[in-house]
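Asker: fold the following and give me the result.
(4 chains)
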2 protein chains.
Amino acid sequence: MVPAVTSDRSDPTKGADVPRAVGVRDVAKRAQVSLGTVSNVINTPDSVRPRTRARVEKAMRELGFVGSRAAGQLRSRKSGLVGVVLPDVGNPYWADVLRGVESVLEEHDLTLVVGSTHQDPARQERLLRALAQQGVDGLLVAPIDELRNWEQFADRRLGVVALENGDAPDAGSSISLDNVDGARQAITHLLELGHRSIAFINGPRNVPWCVERREGVLSGIQTAGLEASDVLIEVEVSDLTAAMGITATDELWGRCEPTAIVCANDLVALGALLSLQRRGLRVPEDVSLVGYDDVEFVEALRPPLTTVRQPSFEVGVIAGHMLLSGATRDSGERELLTPALIVRQSTGPARLR
Amino acid sequence: MVPAVTSDRSDPTKGADVPRAVGVRDVAKRAQVSLGTVSNVINTPDSVRPRTRARVEKAMRELGFVGSRAAGQLRSRKSGLVGVVLPDVGNPYWADVLRGVESVLEEHDLTLVVGSTHQDPARQERLLRALAQQGVDGLLVAPIDELRNWEQFADRRLGVVALENGDAPDAGSSISLDNVDGARQAITHLLELGHRSIAFINGPRNVPWCVERREGVLSGIQTAGLEASDVLIEVEVSDLTAAMGITATDELWGRCEPTAIVCANDLVALGALLSLQRRGLRVPEDVSLVGYDDVEFVEALRPPLTTVRQPSFEVGVIAGHMLLSGATRDSGERELLTPALIVRQSTGPARLR
DNA sequence: GAAGGACCGTGAACCGGTTCAGGATTCGCT
DNA sequence: AGCGAATCCTGAACCGGTTCACGGTCCTTC
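Answerer: Residues are numbered from 1 along each chain as shown, chains lettered A, B, ... in the order given. Just a heads-up that it's a prediction; the model follows:
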């Protein structure tokens, strides 16, 4: 007693229904070929005779065929997706890195899935989980916390590239900047200018490069033959944004009045600058200020900001290439770039007290 | 934490093979339930008796189960993906919008797929195509060109939300800022200060809000009883970045020397400012400068930039909510926010010639 | 204690592009 | 023409989570 359903289309139970997007089978029928051939036209066009290929392509055009990567991914295990996990896309530095990555990967038909962690380990975990479920082909991550079970990404088509992973245990390839050195350059500059009371506004301790920058600061003080506890006032902010920079500096001035401030970040430095200006303090006459990143706008600040330059876009490009070179997975190369202190006008001799 | 071994797999044909990730069937077997139940635990936990659910969850944990959204999407037609197409994630304004969107959608387990068009229609097309193939549940786009066949996204679970779509034909819901009004405020401000030779550095003509801002500028001039051709010098840049701002301003000064510059964008204004400073020109004494967006850093520039404020983060939040409210798809609501001119110190009376 | 119903759990069928072993054609060359 | 090789095509099986019609349990209620 089979009710002779599934004649072809038109389910009588429901009138206005989903139009059922065209699939390879529809294209195949129209082009008078098998569905396998359609797949070949999509993936290995050279393996199909030009005449046949043209027929299939015509059919695809006429039917407005749009494949479903999800279906393909199921069997082929290629999603065409690359996960990018950054601390904060709102930060010009990371935005620039992202642009670099984008510029490399877009030519390879890879789509970026982007997420910001905002220095929050829980968010990092959630993001990685989501990316794993989406079946990304590769992962590009700037870990703000120990990178747990990254191995699940390691045997994807493209491996894992870590940005600024410090000395953490291997996680695929990695590209970092010498944060210790950069921070040391910054603090040394200030010490040479005679500053002996310096505030250091840094990010959370779980973030690798924050730890390293702190290390560099301490090391610079030590090299100068000074005691960190005498010279340094440490402040920690949960997120490296301008808003946090303002808050931190406001609070700081309630406690003490250093002659210089080093920030983990240009954005924080921007916040500090705004806070100082509102307080009527002059930079660098009253307080010297140093940032980190050399973001585009700092040159035009009042005053132009002394900062540590990092080649953001380039980092993104290199990371992108590392990801693409299948070599990534096995060799686990590591690149280490060196930052450079750019002295502008936000730093000057320590005011005599 | 059992390392997810495969008990009874072992394909004799090939030794070292892919470990075959654990699937619902593996979990089902281990938890002594059917695979359908596992699916229920994942999607509708409340429909499963707590005892059973606990068993399944334990099994999932022990096996390190990570679902495959792709497989699920195939049948359920939900990808958990939302496409976000912006002009440029490297631009702080859009980065901020993105943060707003992110903040809303991350609580709904939606993953963002982000792409930048860089004012290039071809790139926009490519991105939309990729998003269609990925089967995104919704689309959030700031079109920089006529939005062709957006309808294919319209009947996805979440619809389409257009940012700044101008007066273009309907495309789902949209949220825009009154660009005409904002630009008019800016130009009127300059005209009142006595400027009669004003350069306008704008983006490409295919970009809706660039067209609108131009409209506003022209309208403002007309309202003041002046002739645009006498007052305005129009310059067009292909991408609204600081680098393009520098180039454009450098070139501009080879041709003429206006007493004021209006930029379509704070980033371009930043570039213009840098160019002017390198040329030894003072702002606003020699040249007045107006930006657009009120990006975070412009307040700390030398001099603080007069600009048109747009609530970036809020726009993102609103857009996110619009996308979530299923209503989007049918009603096609439109929101129109009004920007405000923030007068700072980069604008002053026209220098007498 | 039997009927009625709410609640759970089951598993075959399914989504749609890819794979690959094998069949069909075409080509080159004697 | 004849034959082997190279090239092209074919389509059933498959990937793995979701759906849903169906059957089993257990508790009420008369």
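Asker: and stretch A:234-244, how far from the chain's centre?
Answerer: 19 Å (CA atoms, centre = their mean, to the nearest Å).
Asker: show me where the stretch 251-353 of chain A has helices.
Answerer: Remark: helices assigned in the stretch 251-353 of chain A by DSSP state H, counting those that start in this stretch are A:266-278, A:312-324, A:327-331.
Asker: looking at chain A, which helix or strand does the model trust least?
Answerer: Sorting the helices and strands of chain A by mean pLDDT, DSSP states H and E puts helix A:327-331 at the bottom, at a mean of 55.
Asker: picking up where we left off before, got the helices of the stretch 251-353 of chain A as TSV, with distance to DNA strand D and mean neighbour count columns?
Answerer: Glycine gets a C-beta too; all of them are placed from N, C-alpha and C. Formatted as TSV, the helices of the stretch 251-353 of chain A follow (distance: least, CB to the nearest atom of the strand, whole Å; neighbours: other CB atoms under 10 Å in any protein chain shown):
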stretch	distance to DNA strand D	mean neighbour count
helix A:266-278	39	25
helix A:312-324	23	22
helix A:327-331	20	15
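Asker: weakest of the ones you listed by average pLDDT?
Answerer: Mean pLDDT per stretch puts helix A:327-331 lowest among the helices of the stretch 251-353 of chain A, at a mean of 55.
Asker: can you give me the strands in the stretch 51-200 of chain A?
Answerer: A:81-86, A:111-116, A:138-141, A:160-163, A:173-177, A:198-202 (DSSP state E, counting those that start in this stretch).
Asker: out of the ones you listed, which is closest to A:Ala183?
Answerer: Among the strands of the stretch 51-200 of chain A, strand A:198-202 comes nearest to A:Ala183, with 8.8 Å by CB to CB.
Asker: show me how chain A divides into domains.
Answerer: For chain A, the structural domains run A:24-67, A:77-178+A:313-337, A:179-310, going by automatic domain parsing.
Asker: ends of stretch A:74-83, how far apart?
Answerer: Start-to-end span of stretch A:74-83 (CA to CA, to the nearest Å) is 18 Å.
Asker: quick check, distance from that stretch to the centre of its chain.
Answerer: 21 Å.
Asker: before we move on, what about stretch A:155-167?
Answerer: With CA atoms, centre = their mean, you get 12 Å for stretch A:155-167.
Asker: export that stretch to CSV, keeping only CA atoms.
Answerer: The C-alpha coordinates for stretch A:155-167 follow below in CSV (Å, rounded to 0.1, in the frame of the first residue of the first chain):
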residue,chain,number,x,y,z
ASP,A,155,46.7,17.4,10.8
ARG,A,156,44.3,19.6,8.9
ARG,A,157,45.3,20.3,5.3
LEU,A,158,47.1,23.5,6.4
GLY,A,159,48.6,23.3,9.8
VAL,A,160,48.8,25.8,12.7
VAL,A,161,50.7,29.0,12.7
ALA,A,162,51.1,30.7,16.0
LEU,A,163,51.7,34.4,16.2
GLU,A,164,53.7,35.6,19.2
ASN,A,165,53.6,32.3,21.0
GLY,A,166,56.6,33.2,23.1
ASP,A,167,58.5,30.2,24.4
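Asker: how about that stretch: buried residues?
Answerer: For stretch A:155-167, burial by neighbour count (16 or more other CB atoms under 10 Å in any protein chain shown) applies to A:156, A:158-166.
Asker: and stretch A:97-116, by the same measure?
Answerer: A:97-102, A:104-106, A:110-116.
Asker: and that stretch, does that touch DNA strand C?
Answerer: No: under the criterion of CB under 7 Å from any atom of the strand, DNA strand C is not reached by stretch A:97-116; the shortest gap measures 11.7 Å.
Asker: next one: that stretch, is it in contact with chain B?
Answerer: Yes: judged by CB under 8 Å from any CB of the partner chain, stretch A:97-116 comes into contact with chain B through A:98-99, A:102, A:106, A:109, A:111-116.
Asker: coming back round to it: same list (the strands of the stretch 51-200 of chain A) but as a markdown table, adding distance to A:Glu299.
Answerer: Listed next are the strands of the stretch 51-200 of chain A as a markdown table, based on distance: least, CB to CB, whole Å:
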| stretch | distance to A:Glu299 |
| --- | --- |
| strand A:81-86 | 23 |
| strand A:111-116 | 26 |
| strand A:138-141 | 28 |
| strand A:160-163 | 24 |
| strand A:173-177 | 20 |
| strand A:198-202 | 21 |
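Asker: give me the residue from chain A nearest DNA strand D.
Answerer: In chain A, the residue that lies nearest DNA strand D is A:Gly36 (2.2 Å; CB to the nearest atom of the strand).
Asker: which elements pack onto the helix or strand containing that residue?
Answerer: Per DSSP states H and E: A:Gly36 is located in helix A:35-43. On a contact count with 3 or more CB pairs under 8 Å, 6 or more residues apart in numbering or on different chains; DSSP states H and E, helix A:35-43 meets helix A:24-31, helix A:50-63.
Asker: with respect to burial, which of those helices scores highest?
Answerer: helix A:24-31 (a mean of 19; mean count of other CB atoms under 10 Å in any protein chain shown).
Asker: how far off centre is that one?
Answerer: 41 Å.
Asker: contacts for that helix, please.
Answerer: A:34-35, A:37-39, A:42, A:52, A:55-56, A:58-60, A:62-63, A:65, A:67 (CB atoms under 8 Å, 6 or more residues apart in numbering or on different chains).
Asker: redo that, cut-off 6 Å
Answerer: A:34-35, A:38, A:55-56, A:59-60, A:63, A:65 (CB atoms under 6 Å, 6 or more residues apart in numbering or on different chains).
Asker: need the max-distance pair from the residues of stretch A:97-116 next to chain B.
Answerer: Farthest apart among these - using CB to CB - are A:Asp109 and A:Ser116, which lie 24.4 Å from each other.
Asker: ok, A:Arg148 - how many residues close by?
Answerer: 12 (other CB atoms under 10 Å in any protein chain shown).
Asker: quick check: closest non-adjacent residue to it.
Answerer: A:Glu125 (7.2 Å; CB to CB, 6 or more residues apart in numbering or on different chains).
Asker: just A:Thr249 next, same as before
Answerer: Closest to A:Thr249 by CB to CB, 6+ apart is A:Ser275, at 3.7 Å.
Asker: please apply the same query to A:Glu227.
Answerer: Per CB to CB, 6+ apart, closest to A:Glu227 is A:Ile221, 7.5 Å.
Asker: so the one you found, which state does it fall into?
Answerer: Each residue gets one of three states, and A:Ile221 gets helix by DSSP: H, G, I helix; E, B strand; the rest coil.
Asker: check contacts around the most centrally placed residue in chain A.
Answerer: Nearest to the geometric centre of chain A sits A:Leu86, at 3.2 Å (CA atoms, centre = their mean). Neighbour list for A:Leu86: A:94, A:116, A:142 [criterion: CB under 6 Å, 6+ apart].
Asker: how close does the last one get to B:Val27?
Answerer: Taking CB to CB, to the nearest Å as the measure, A:Ala142 falls 33 Å from B:Val27.
Asker: for chain B, what's its nearest residue on chain A.
Answerer: Nearest residue of chain A to chain B (CB to the nearest CB) works out as A:Arg302 at 3.3 Å.
Asker: no more questions from me, cheers.
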